[in-house]
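Trainee: Next come a sequence and a model predicted from it.
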Amino acid sequence: MDDKILAASAKHPIVPNHAYKYGTAGFRMKADLLDGVAFRVGLLSGLRSRRLNGQAIGVMITASHNPAVDNGVKIVDPMGEMLEQDWEAHATKLVNCASDQELLDTYKSLAAQLKVDLSTPGRVICGRDTRPSGHGLAAALADACEAIDIEYTDYKRVTTPQLHYLVRCINTEGTPKSYGEVSKAGYNKKMSDALVRALGGRKIEGQLTVDCANGVGGPELSELLKVIPKDVINVKVVNDDVLRPEVLNLDAGADYVKTRQRAPPKPTPVPGNRICSLDGDADRLIYYWIDPDTGFFMLDGDRISSLNASFIGGLVREAGLEDELRIGVVQTAYANGASTAYIEKHLKLPVVFTPTGVKHLHHAACQFDIGVYFEANGHGTVVFSQEAIRLFTEKEPQSPAQKEALETLAAISDLINQTVGDAISDMLMVEVILAHKGWTLKDWANTYNDLPNRLVRVEVGDKDLFETTDAERRLSAPKGAQEEIDSFVKKYTNARSFARASGTENACRVYAEAATRSEADELAKHVADVIKKFGSP
Ligand SMILES: CC(=O)N[C@H]1[C@@H](OP(=O)(O)O)O[C@H](CO)[C@@H](O)[C@@H]1O
Ligand SMILES: [Mg+2]
């Protein structure tokens, strides 16, 4: 075995003098740095699978909304969740080994430390977005699995959430918790059936335009639309050119819309039309329309979250389950304060805050029977406990209305991808809710008014100087910085501001919100200056 690992590793050298770190998005960087990383991630995934008695582990090759020259490698745990936190450090350690021999020694010492029996069978599956560099990285992963005798399956082109789905399906196949058929066709069938059931005969009004960021969502959504019965939904797929890598995420997609706060220039948006954007690997979703009178209006992750919470909360009441099931919403500090107030005061549901990064939100959402979580950028989903799902199907309805509510709940628990945020599944869910409520995007937007806000990126000498507490809402270091932020926040009406080091970029982010646009902008500028001052050593 040792010789095989050494020989295979020699074919996939790591680029030296580079500090690799498994972060929020796995390993993500310029694709030409990643061949050795993918190989080593293959070794680690094999170890993880063996440690978990041979359950399949997933590896997704994508750099999401980044430009086409970037790529990334991310590990998916058996139930479709993000890799367990302790193992992020093991991944970082393995990937940073300077030589093939050091890699082999570290691999073996990790196996011993983690009590992994290297003779147990193990399984790794892989998928990738449309980036051309994905092929080579999948080959590196395959070579690693071959060298350590791990069964390997390449699912080729998939959205990130489809890969999470496949991992969970494999590991639950043939059990009472079976999550679905292990194939993209199985995913499409589950979505299509659940969509029809969730609508319960209602009509989705008008046409929905979907901007796919020229990423993997385009072809995958088109495949799904082929199996949805005619007349159920009218979707126009745009920005779905996956043959020219240079246009991936270029002036299109959910990240563009959220950060620029405007519609992509192409195709020219038709005023009044319902439009949404996915990101490059189809795990983020943002809705918007161009109002003929007032212009662009965006419905982001906070809006999608409150829409889901409102709808599901109502169904749970109609089903007579409000005393049995605890519903909660999970947000990060980036959630607009008006959305939090709406959920707590109007929907009367608890809101929990976690640090940025979906793994934190997902974990907190699982503490509820029904946990709704979305980051403001449009990444999120709803998770249902086994008990909730049991009640939806086994509770004896006392009236036709209760029966319908229970059936709708059962259908949406199939429609929503419970493994991870899934733009396509979330989009179908939004369409179902609007159909049930008989709402336009404008009705949805009228639920509350966002507080004006500003997000700025601040380059600093050393971002690691900044440490946070209270779900990243306050700085605990450097000393004195939080006090200065507080003194500015006090000067504005309904204001809130915080700063933190980005987990994905070499910079800090400053967020500010206040009663008016000019106050929010001014506050963000002051806090950014504080961060610049404290960030230069
Ligand atoms: C303000 C913001 O949008 N931050 C994003 C961004 O994280 P940072 O740690 O802020 O760089 O990328 C993460 C991964 O995609 C995503 O989870 C998160 O929401
Ligand atoms: Mg993404």
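Mentor: Yep, it's here. Ligands and ions are numbered 1, 2, ... in the order given.

Trainee: need the strands for the stretch 301-450 of the chain, in chain order.
Mentor: With DSSP state E, counting those that start in this stretch as the definition, the stretch 301-450 of the chain shows strands at residue ranges 327-331, 351-353, 370-374, 380-384.

Trainee: Tell me which residue in the chain sits closest to ligand 2.
Mentor: Nearest residue of the chain to ligand 2, counting by C-beta to the ion: residue 64, 3.2 Å away. Quick note: C-beta positions are derived from backbone N, CA and C, even for glycine.

Trainee: Quick check: that residue touching residue 71?
Mentor: No: counting by C-beta atoms under 8 Å, residue 64 stays clear of residue 71, with 9.9 Å between them.

Trainee: any common contacting residues for the two?
Mentor: Taking C-beta atoms under 8 Å, 6 or more residues apart in numbering as the contact criterion, the common neighbours of residue 64 and residue 71 are residue 28.

Trainee: Is ligand 1 within reach of stretch 153-165?
Mentor: No: using C-beta under 6 Å from any ligand atom, stretch 153-165 stays clear of ligand 1, coming no nearer than 10.5 Å.

Trainee: That stretch and ligand 2, any residue contact?
Mentor: No: legend: contact between stretch 153-165 and ligand 2 by C-beta under 5 Å from the ion is lacking; minimum distance shown is 6.1 Å.

Trainee: Tell me the gap between that stretch and the middle of its chain.
Mentor: Here stretch 153-165 shows a centroid-to-chain-centroid distance of 14 Å under the convention C-alpha atoms, centre = their mean, to the nearest Å.

Trainee: quick revisit: can you tell me which of the strands of the stretch 301-450 of the chain is most buried?
Mentor: strand 370-374 (a mean of 29; mean count of other C-beta atoms under 10 Å).

Trainee: From the rest of the structure, what touches it?
Mentor: Residues contacting strand 370-374 (C-beta under 8 Å, 6+ apart): 301-302, 304-305, 308-309, 312, 316, 325-331, 358, 361-362, 364-365, 380-385, 388, 421.

Trainee: Recalculate using a threshold of 6 Å.
Mentor: Outside of strand 370-374, the residues that reach it under the criterion C-beta atoms under 6 Å, 6 or more residues apart in numbering are 301, 304-305, 308-309, 312, 325, 327-330, 361, 365, 380, 382-384, 388.

Trainee: Alpha carbons of that strand, as CSV, please.
Mentor: Listed in CSV are the C-alpha atoms of strand 370-374, where the atom choice follows Å, rounded to 0.1, in the frame of the first residue of the first chain:
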residue,chain,number,x,y,z
ILE,A,370,-38.7,22.3,11.8
GLY,A,371,-35.7,24.6,11.3
VAL,A,372,-35.7,27.3,8.6
TYR,A,373,-32.3,28.7,7.8
PHE,A,374,-31.0,31.0,5.1
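
Trainee: what's the angle between it and strand 327-331?
Mentor: Computed with axes from the mean of the first three to the mean of the last three C-alpha atoms, to 10 degrees, the direction of strand 370-374 lies at 20 degrees from that of strand 327-331.

Trainee: could you give the mean pLDDT of strand 370-374?
Mentor: Averaging pLDDT along strand 370-374 gives 98.

Trainee: In its sheet, which strands sit next to it, and in what direction?
Mentor: Each strand paired with strand 370-374, and its direction, by DSSP bridges: strand 327-331 (parallel), strand 380-384 (antiparallel).

Trainee: mind listing what's buried in stretch 211-229?
Mentor: For stretch 211-229, the buried set under the neighbour-count rule, 16 or more other C-beta atoms under 10 Å, comprises 211-221, 224-225, 228.

Trainee: ditto for stretch 429-448
Mentor: Along stretch 429-448, the positions that meet the burial threshold by neighbour count (16+ other C-beta under 10 Å) are 429-436, 439, 441, 444-445, 447-448.

Trainee: hey, C-alpha coordinates of that stretch in CSV?
Mentor: Extracted in CSV, the C-alpha atoms of stretch 429-448 (Å, rounded to 0.1, in the frame of the first residue of the first chain):
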residue,chain,number,x,y,z
MET,A,429,-40.8,26.0,-2.9
VAL,A,430,-41.1,29.8,-3.3
GLU,A,431,-43.3,29.2,-6.4
VAL,A,432,-45.5,26.8,-4.4
ILE,A,433,-45.9,29.3,-1.5
LEU,A,434,-46.7,32.2,-3.9
ALA,A,435,-49.3,29.9,-5.6
HIS,A,436,-50.9,28.9,-2.2
LYS,A,437,-51.0,32.5,-1.0
GLY,A,438,-52.0,33.9,-4.4
TRP,A,439,-49.2,36.4,-4.1
THR,A,440,-47.1,38.4,-6.6
LEU,A,441,-43.5,39.3,-5.7
LYS,A,442,-44.9,42.7,-4.7
ASP,A,443,-47.2,41.1,-2.2
TRP,A,444,-44.3,39.2,-0.8
ALA,A,445,-42.1,42.3,-0.6
ASN,A,446,-44.9,44.2,1.3
THR,A,447,-44.6,41.9,4.3
TYR,A,448,-41.9,44.2,5.8
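
Trainee: Out of the strands paired with strand 370-374, which is closest to residue 259?
Mentor: For the strands paired with strand 370-374, the distance to residue 259 is smallest for strand 380-384, at 17.4 Å, taking C-beta to C-beta.

Trainee: can you list the residues that contact the closest one?
Mentor: Applying C-beta under 6 Å, 6+ apart, the set of residues contacting strand 380-384 from outside is 301, 308, 365-366, 370-374, 413, 416-418, 421.

Trainee: Residue 23: which of those residues is nearest?
Mentor: Closest to residue 23 out of the contacts of strand 380-384 is residue 421 (17.3 Å), distances taken as C-beta to C-beta.

Trainee: Stretch 366-382 vs ligand 1: in contact?
Mentor: Yes: among the residues of stretch 366-382, 375, 377 lie within reach of ligand 1 under C-beta under 6 Å from any ligand atom.

Trainee: To clarify, my last question referred to stretch 120-129.
Mentor: No: Stretch 120-129 lies apart from ligand 1 when judged by C-beta under 6 Å from any ligand atom; the minimum separation is 13.9 Å.

Trainee: Pull out the buried positions in that stretch.
Mentor: Under the neighbour-count rule (16+ other C-beta under 10 Å), stretch 120-129 has 122-129 buried.

Trainee: From the rest of the structure, what touches it?
Mentor: By C-beta under 6 Å, 6+ apart, the list of residues contacting stretch 120-129 from outside reads 45-46, 49-50, 54, 56-62, 134, 138, 141, 145, 150-155, 158, 163, 216, 281.

Trainee: Repeat the analysis, applying 7 Å as the threshold.
Mentor: Outside stretch 120-129, the residues within contact range by C-beta atoms under 7 Å, 6 or more residues apart in numbering are 42, 45-46, 49-50, 53-54, 56-62, 134, 138, 141, 145, 150-158, 162-163, 166-167, 170, 215-216, 280-281.

Trainee: Sounds good, over and out.
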